[in-house]
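Novice: Here is my input, please return the structure:
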Amino acid sequence: MRIYTATKYWQPLKDGRVQCDLCPRHCKLHEGQRGFCFVRMNQGGQIVLTTYGRSSGFCIDPIEKKPLHHFLPGTAVLSFGTAGCNLGCRFCQNWDISKSREMDTLADEAAPETIARAAEALGCRSVAFTYNDPVIFHEYAIEVARACHARGLRTVAVTAGYVCPEPRAEFYAHMDAANVDLKAFSERFYRKICAGALAPVLDTLRYLYHETDTWLEITTLLIPGENDSDAELHALTEWIVTHLGPDVPLHFTAFHPDWKMRDRPPTPPATLRRARTIALKNGLRYVYVGNILDPEGQSTYCHACGRLLIGRAGYRITAWHLDAQGHCPDCGTPCAGVFEAQPGHWGPRRRPVWLKAFASTP
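Specialist: Residues are numbered from 1 along each chain as shown. Just a heads-up that it's a prediction; the model follows:
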């Protein structure tokens, strides 16, 4: 029988149920009942995590795939997720993981130290909690992060930012970078399509930028007819400039029909370029397009003089012109981000890995 891991963000209710206080859903659970995320449950009058130490698989990715364009460009990141999710996005492109109800989805097992040891041995500079939202495997992600930091590795959270303030503070104390999925800029979209709410996500974004040292980037997947109007794009980008500032990189990525939204067409490249133009005009300095090949829209330019700083084509770095301090070589303006003197050379490869070989390595 599998032993589940106890958690601390919960409270007993007078009617005998237990309330989970990890995310804004505040699921109220009877004995043996699982929350919306499916991986946190009431066992013995407390909330336990059912997926600690188990993963849907491990893979080495380029850091640009997270996407992070201003955090150790060109380097390899060991990526993994578990199962379940605390949102219900109808367009989820990892639905086989995030909406899994089968425990055999969790095909790999690894202790935190094994993950850190494997990442170091495989030449990765960081470990990413991704594919499904790491908020729901909060305890496991934090222990992995501790093991990574002990070996000099960075940690990355790819998240929707749907989390309560107290666990959020604990979680991001262990994260070096985050890409937050800002799914749209309307409560209607979050309620209708994601079964969630926008306000807690905006609160997470403000918290990350103003109260942590976590490097922040934002991604918005543009869905035709749902969140791609000029008015919404203006509102979204103006909010970022006003509340976070102009230096937060923003990624507009292309939707493709999946899960419960197969009736919608893919996002035209012109929509992504239009969104990028709006964002730049509203004062954002680093705006990118993704899920299409667009070297101009994927490259980094100096916001002061327009000099190409980092050339990209897909997940491949094609040019590097930052100086050793991360400044423009022409005008000396700093480029916001976490950079080293030279980029990594991992390229666009995706390499699945099996961690059992690292479990007993000293």
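Novice: Let me see the ranges of the strands in the stretch 101-250 of the chain.
Specialist: 108-109, 126-129, 154-159, 177-181, 215-222, 250-254 (DSSP state E, counting those that start in this stretch).
Novice: what's the angle from the longest one to strand 177-181?
Specialist: In terms of direction (axes from the mean of the first three to the mean of the last three CA atoms, to 10 degrees), strand 215-222 departs from strand 177-181 by 20 degrees.
Novice: can I get the strands of the stretch 101-250 of the chain in a markdown table with mean pLDDT, mean neighbour count and distance to Leu78?
Specialist: C-beta here means a position set from N, CA and C on the backbone, and glycine is covered the same way. Below are the strands of the stretch 101-250 of the chain laid out as a markdown table (pLDDT from 0 to 100; neighbours: other CB atoms under 10 Å; distance: least, CB to CB, whole Å):
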| stretch | mean pLDDT | mean neighbour count | distance to Leu78 |
| --- | --- | --- | --- |
| strand 108-109 | 80 | 14 | 12 |
| strand 126-129 | 98 | 26 | 5 |
| strand 154-159 | 98 | 26 | 10 |
| strand 177-181 | 98 | 24 | 14 |
| strand 215-222 | 98 | 22 | 18 |
| strand 250-254 | 97 | 24 | 21 |
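Novice: closest one to Pro334 among these?
Specialist: strand 215-222 (14.2 Å; CB to CB).
Novice: which residues are contacting the closest one?
Specialist: Applying CB atoms under 8 Å, 6 or more residues apart in numbering, the contact partners of strand 215-222 are 67-71, 91, 176-184, 205, 208-209, 227-228, 236, 240, 244, 248-255, 267, 271-272, 275, 290, 337-338.
Novice: Type out the ChimeraX command that picks the buried ones from the residues you listed.
Specialist: Buried residues within the contacts of strand 215-222, by 16 or more other CB atoms under 10 Å, are selected in ChimeraX with:
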select :67,68,69,70,71,91,176,177,178,179,180,181,182,183,184,205,208,209,227,228,236,240,244,248,249,250,251,252,253,254,255,267,271,272,275,290,337
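Novice: Just put the strands of the stretch 101-250 of the chain in JSON lines and tack on distance to Ala313.
Specialist: Compiled in JSON lines, the strands of the stretch 101-250 of the chain are given as follows (distance: least, CB to CB, whole Å):
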{"stretch": "strand 108-109", "distance to Ala313": "32"}
{"stretch": "strand 126-129", "distance to Ala313": "22"}
{"stretch": "strand 154-159", "distance to Ala313": "22"}
{"stretch": "strand 177-181", "distance to Ala313": "20"}
{"stretch": "strand 215-222", "distance to Ala313": "19"}
{"stretch": "strand 250-254", "distance to Ala313": "16"}
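Novice: Does Ile193 touch Leu87 like I think?
Specialist: No - between Ile193 and Leu87 there is no contact under CB atoms under 8 Å: 9.6 Å.
Novice: ok, the residue nearest to Gln93 when sequence neighbours are not counted to Pro266 distance?
Specialist: Leaving aside its sequence neighbours, Gln93 sits nearest to Asp258 (CB to CB, 6 or more residues apart in numbering; 5.0 Å). Asp258 is 10 Å from Pro266, where distance means CB to CB, to the nearest Å.
Novice: go on, Val353?
Specialist: To Pro266, Val353 is 31 Å away according to CB to CB.
Novice: Specify which residue of those two has the higher count of neighbours.
Specialist: Val353 (19 against 14; other CB atoms under 10 Å).
Novice: measure stretch 315-326 end to end?
Specialist: Using CA to CA, to the nearest Å, one end of stretch 315-326 lies 20 Å from the other.
Novice: How far away from the center of its chain is it?
Specialist: 23 Å (CA atoms, centre = their mean, to the nearest Å).
Novice: what residues does it touch?
Specialist: 62, 64-65, 73-74, 295, 299, 307-312, 328-329, 334-335, 337, 339, 341-343, 347-348.
Novice: and that stretch, what's its mean pLDDT?
Specialist: Across stretch 315-326, the average pLDDT comes to 96.
Novice: Then stretch 351-362?
Specialist: Computed over stretch 351-362, the average pLDDT equals 80.
Novice: can I assume the residue nearest to Gln93 is in contact with Cys89?
Specialist: No - using CB under 8 Å, Asp258 is not in contact with Cys89, being 9.8 Å away.
Novice: Pick out whichever of those two has more residues nearby.
Specialist: A direct count of neighbours by other CB under 10 Å for Asp258 and Cys89 places Cys89 higher, at 25 against 16.
Novice: Find the nearest non-adjacent residue to the more buried one, please.
Specialist: Spatial nearest neighbour of Cys89, excluding adjacent residues (CB to CB, 6+ apart): Cys194 at 4.7 Å.
Novice: cool, and Ala116?
Specialist: Ala116 sits nearest to Ala147 (CB to CB, 6+ apart), 3.9 Å away.
Novice: picking up where we left off before, mind checking the strands of the stretch 101-250 of the chain for the one nearest to Asp21?
Specialist: strand 154-159 (17.6 Å).
Novice: Ala304 reaches Cys331, doesn't it?
Specialist: Yes - with contact defined as CB under 8 Å, Ala304 reaches Cys331; the gap is 5.3 Å.
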